[in-house]
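*Asks:* Kindly generate the corresponding structure for this input.
(3 chains)
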Amino acid sequence: VPIITLTTDFGGGSSYVAAMKGVVLAINPAARLIDLTHDVRPQDVRQGAVVLDQVTRFFPAGTIHVAVIDPGVGTDRKIVYAAIGSQQYIAPDNGLLSLLAGRTPPSAIVAVADPSYWLSPVSATFHGRDIMAPVAARLSLGLDPEKLGPPLSKLVELAWPEPRLWPGRIEGEVLDVDSFGNLISNVTSDLLAAVPPNAAIRVACGGREVPGLASTYGKHPRSSLIALVGSSGMLELAVVDGSAARLLDAGVGAPVTVVWK
Amino acid sequence: VPIITLTTDFGGGSSYVAAMKGVVLAINPAARLIDLTHDVRPQDVRQGAVVLDQVTRFFPAGTIHVAVIDPGVGTDRKIVYAAIGSQQYIAPDNGLLSLLAGRTPPSAIVAVADPSYWLSPVSATFHGRDIMAPVAARLSLGLDPEKLGPPLSKLVELAWPEPRLWPGRIEGEVLDVDSFGNLISNVTSDLLAAVPPNAAIRVACGGREVPGLASTYGKHPRSSLIALVGSSGMLELAVVDGSAARLLDAGVGAPVTVVWK
Amino acid sequence: VPIITLTTDFGGGSSYVAAMKGVVLAINPAARLIDLTHDVRPQDVRQGAVVLDQVTRFFPAGTIHVAVIDPGVGTDRKIVYAAIGSQQYIAPDNGLLSLLAGRTPPSAIVAVADPSYWLSPVSATFHGRDIMAPVAARLSLGLDPEKLGPPLSKLVELAWPEPRLWPGRIEGEVLDVDSFGNLISNVTSDLLAAVPPNAAIRVACGGREVPGLASTYGKHPRSSLIALVGSSGMLELAVVDGSAARLLDAGVGAPVTVVWK
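*Replies:* You can find the predicted model right below:
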């Protein structure tokens, strides 16, 4: 039985999450549910897209990821099923899957359109519970995704800031802030491979500059600001035993610049 | 194996929740545990009752719901088992089940009284861990609820505010505030059926009036205050991409009035 | 299949927790995961040690507890496997297990050293995901812990404040603060057995004195400060329907004194 993960902006203690779990279990009592996160900022589709991109890759092939950051619920935005890499996704078609799909083109996209697989009646304000949860439960029981509705040729895309490589310089920006206050940029380790091995590197963010790249937090003094390639393979700024977001008063979208000589 | 859900006021990160799970799993290693919510305000029995009423209906028949909002732990308040509709409940008899039981009379009520099904010794301050968790685990293994103790004829009741229907007017109040700041009232869609189809309706709360009922959030401009029948079938006030609780400075108990001509 | 619990300082909504779960499930799709808590204060090894000591005892024999409060990740601190009592642990060797091990000497300690059981490559900053999660998953599939690396003779120890017994007086301190604001001290019920049965006892903390020991919260008036032996068998200070931490402006390390005549 495939695992079903849930990603929402409902807040960790929300009983809306529990309602979705109840709906899944009422259809497939053997379903195994994992909370990916429910702490996406309300209506923040971009943050949801970043989380899905960073975390779903670690799950077993065939896992069904349900993502409900859905400010357009009840409007004419679609709900989609997508197979991307080895994973399956059910989400509103509002860009939530666009970071994933930008890296790995989906092998299947289907509009979730046939109401015979949904709860009845469907509310106008909670499609996570009334449409996405029952569809995920039925997929976990073996329903062929092609039965959910007509195929689609593409997903809604969001514009994602691309880091730019110049001679002696990479310009990126902060993509996410984690619970430690680490500022995670869109500058990948692949891009950093452009820096010559012995070059003197400096990373700038929030009006501060850090010399060199650290390998890990614990090798530097408490409260020091460091730059390093983090566990997601992205350049990040961190404060040892502290918060870089607070020290630099910086958040998502803040410029991050790497220079070298 | 029936599912066991947990509802408490311990806070989402509380290790007290984990202790309850450990106790359940030590008795029934195959138990499947679902967190309903642990973010009920400390000691707020009424909020717990609202959550149980709104969410437990979605779970499979036979699910065992353990609810620990228990300011009277260690006093002479009883602990009860109740079968209500298709669901089973274990809770202190302090009104936690009274909203559920007010809608659907319990088919069985049993005092949890026989200590042979409990941990030993029982602490005076944590019956969720020492009595309710082991009882739930044993029920999930097939224990007949009648063995838990003597039958009871009724549960402790709380007075719940009833919405009132007048000519051209419904008077209700806010029953719950969700994590988005939506104000969920006790005015049901059934009651709203009393409004003539073409009447000009207005909803008032917190000194503001909203004309008409919206169908969903996304069809209205950002930051606009709307009234709509939400996913629980109750009239609610919401701010699109914002918080009605904050805009109206209103919370549980605030009057909500519907008028029409 | 043994249960795997997770204890971290990542915060309840952290997607880092989900990444660890994905890694476990990709190796053992049948693994059963329980969140112990993710709300340990960032880098607070001592608080993590207290939680593990208080809660893991309730789990079934053989449970695998993974604890990631790991300020030294990527430095030369070891990662260890330890069997303590009936439970198994995987944690950085930084004192996280020292409160448990101080009470019950481990029956086995092994350095987690053989990278063939880890993810590859291993990041420098997230060994919870890259080393501890895959090792836990493999142990849950039956891997012999002795294969993880060489045996160790002892764990890193932290100095824990010991309560002191004087004639007519016990001096202890606050060890933990729970989500209700209860101040949980290191004075055990065993130690309180030194007080003569009919002695007039007084408990002092934060500049206030409480006469006598209460049996439970609900027998005292709202807002009253009480002292009682809590559900972990430790002396604690509590405010009925309130917060002792706030009332006394006290936290971890605050002196707690018991005097009697």
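*Asks:* Quick one: name the residues of chain A near chain C.
*Replies:* Applying Cβ under 8 Å from any Cβ of the partner chain, we find that chain A lies next to chain C at A:3, A:5, A:12, A:34-39, A:51, A:54-60, A:63, A:178-180, A:215-219, A:228, A:230-231, A:241. Just so you know, the C-beta spots here come from the backbone N, C-alpha and C atoms, and that holds for glycine as well.
*Asks:* May I have the phi/psi pair for the residue nearest to A:V50 when sequence neighbours are not counted?
*Replies:* Using Cβ to Cβ, 6 or more residues apart in numbering or on different chains and skipping the chain neighbours, the partner closest in space to A:V50 is A:D176 (4.9 Å). With angles defined as degrees, to the nearest 10, A:D176 sits at phi -160, psi 150.
*Asks:* Show the contacting residues for A:D176.
*Replies:* By Cβ atoms under 8 Å, 6 or more residues apart in numbering or on different chains, the residues touching A:D176 are A:Q47, A:V50, A:V51, A:Q54, A:I184, A:V252.
*Asks:* where along chain A do the helices fall?
*Replies:* For chain A, the helices defined by DSSP state H occupy A:15-27, A:45-55, A:98-103, A:127, A:133-140, A:189-192, A:244-248.
*Asks:* Show the average pLDDT along the last one.
*Replies:* Read it as helix A:244-248. In this model, helix A:244-248 has an average pLDDT of 97.
*Asks:* Check which helices and strands that helix is in contact with.
*Replies:* Helices and strands touching helix A:244-248, by 3 or more Cβ pairs under 8 Å, 6 or more residues apart in numbering or on different chains; DSSP states H and E, are strand A:183-188, strand A:225-229, strand A:234-239.
*Asks:* Turn those into a markdown table, including mean neighbour count and mean pLDDT.
*Replies:* Converted to a markdown table, the helices and strands packed on helix A:244-248 look like this (neighbours: other Cβ atoms under 10 Å in any protein chain shown; pLDDT from 0 to 100):
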| stretch | mean neighbour count | mean pLDDT |
| --- | --- | --- |
| strand A:183-188 | 23 | 96 |
| strand A:225-229 | 23 | 96 |
| strand A:234-239 | 26 | 96 |
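*Asks:* ok, for the residue nearest to the spatial centre of chain A, nearest residue in space, not its chain neighbours?
*Replies:* Against the mean C-alpha coordinate of chain A, by Cα atoms, centre = their mean, the closest residue is A:V51 at 2.2 Å. Once flanking residues are discounted, A:V51 sits nearest to C:S15: 4.9 Å by Cβ to Cβ, 6+ apart.
*Asks:* Tell me the bridge partners for the residue nearest to A:V50.
*Replies:* Under DSSP bridges, the beta-bridge partners of A:D176 are A:I184.
*Asks:* which stretches of chain A form strands?
*Replies:* A:3-8, A:32-37, A:64-68, A:79-84, A:87-92, A:108-111, A:164-166, A:169-177, A:183-188, A:201-205, A:208-211, A:225-229, A:234-239, A:255-260 (DSSP state E).
*Asks:* out of those strands, nearest to B:S120?
*Replies:* Closest to B:S120 of the strands of chain A is strand A:32-37 (Cβ to Cβ; 33.0 Å).
*Asks:* do that closest one and chain B meet at all?
*Replies:* Yes: judged by Cβ under 8 Å from any Cβ, strand A:32-37 comes into contact with chain B through A:L33.
*Asks:* which secondary structure elements does that strand contact?
*Replies:* Packed against strand A:32-37 by the contact rule (3+ Cβ pairs under 8 Å, 6+ apart) you find strand A:3-8, helix A:15-27, helix A:45-55, helix C:15-27.
*Asks:* relative to helix C:133-140, how tilted is the last one?
*Replies:* Put plainly, it is helix C:15-27. Comparing the axes of helix C:15-27 and helix C:133-140 via axes from the mean of the first three to the mean of the last three Cα atoms, to 10 degrees yields an angle of 40 degrees.
*Asks:* next one: helix C:15-27 to chain centre, how far?
*Replies:* Here the centre of helix C:15-27 is set off from its chain's centre by 22 Å, with Cα atoms, centre = their mean, to the nearest Å.
*Asks:* Ok, the shortest one next?
*Replies:* Relative to its chain's centre, strand A:3-8 lies at 12 Å (Cα atoms, centre = their mean).
*Asks:* need the contact list for the residue nearest to the centre of chain A.
*Replies:* A:V51 is in contact with A:T7, A:L36, A:T37, A:V40, A:D176, C:S15, counting by Cβ under 8 Å, 6+ apart.
*Asks:* which one of those is nearest C:K154?
*Replies:* For the contacts of A:V51, the residue nearest C:K154 by Cβ to Cβ is C:S15; the value is 35.4 Å.
*Asks:* What is the neighbour count of that closest one?
*Replies:* With neighbours defined by other Cβ atoms under 10 Å in any protein chain shown, the count for C:S15 comes to 26.
*Asks:* go on, A:G72?
*Replies:* As a measure of burial, A:G72 has 18 neighbours, counting by other Cβ under 10 Å.
*Asks:* what do you get for A:L152?
*Replies:* A:L152: 18 surrounding residues under other Cβ under 10 Å.
*Asks:* how about the closest residue to it other than its chain neighbours, what does it touch?
*Replies:* Leaving aside its chain neighbours, A:L152 sits nearest to A:I109 (4.3 Å; criterion: Cβ to Cβ, 6+ apart). Shown in contact with A:I109 (Cβ under 8 Å, 6+ apart): A:V80, A:Y81, A:A82, A:A83, A:P151, A:L152, A:S153, A:K154, A:L155.
*Asks:* Also A:V17?
*Replies:* A:L6, A:T8, A:F10, A:D35, A:H38.
*Asks:* let's see it at 6 Å
*Replies:* A:F10, A:H38 (Cβ atoms under 6 Å, 6 or more residues apart in numbering or on different chains).
*Asks:* same deal with the one 10 residues further on?
*Replies:* By Cβ under 6 Å, 6+ apart, the contact list for A:I27 reads A:P134, A:A137.
*Asks:* returning to that earlier point: let me have the helices and strands packed on helix A:244-248 in JSON lines, extended by distance to B:L247.
*Replies:* As requested, the helices and strands packed on helix A:244-248 are exported to JSON lines (distance: least, Cβ to Cβ, whole Å):
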{"stretch": "strand A:183-188", "distance to B:L247": "32"}
{"stretch": "strand A:225-229", "distance to B:L247": "39"}
{"stretch": "strand A:234-239", "distance to B:L247": "36"}
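*Asks:* Which of those sits closest to B:S189?
*Replies:* Closest among these, using Cβ to Cβ: strand A:183-188, at 44.3 Å.
*Asks:* and the stretch 51-200 of chain A, which of its residues are near chain B?
*Replies:* Contacts of the stretch 51-200 of chain A with chain B, taken as Cβ under 6 Å from any Cβ of the partner chain, map to A:P71, A:G72, A:V73, A:G74, A:T75, A:S123, A:A124, A:T125, A:F126.
*Asks:* And the contacts of A:D176, which is closest to chain B?
*Replies:* Comparing the contacts of A:D176 against chain B with Cβ to the nearest Cβ places A:Q47 closest, at 14.2 Å.
*Asks:* on that earlier part again, as a markdown table, the helices of chain A with distance to B:R202 would be great.
*Replies:* Formatted as a markdown table, the helices of chain A follow (distance: least, Cβ to Cβ, whole Å):
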| stretch | distance to B:R202 |
| --- | --- |
| helix A:15-27 | 28 |
| helix A:45-55 | 33 |
| helix A:98-103 | 41 |
| helix A:127 | 28 |
| helix A:133-140 | 34 |
| helix A:189-192 | 57 |
| helix A:244-248 | 44 |
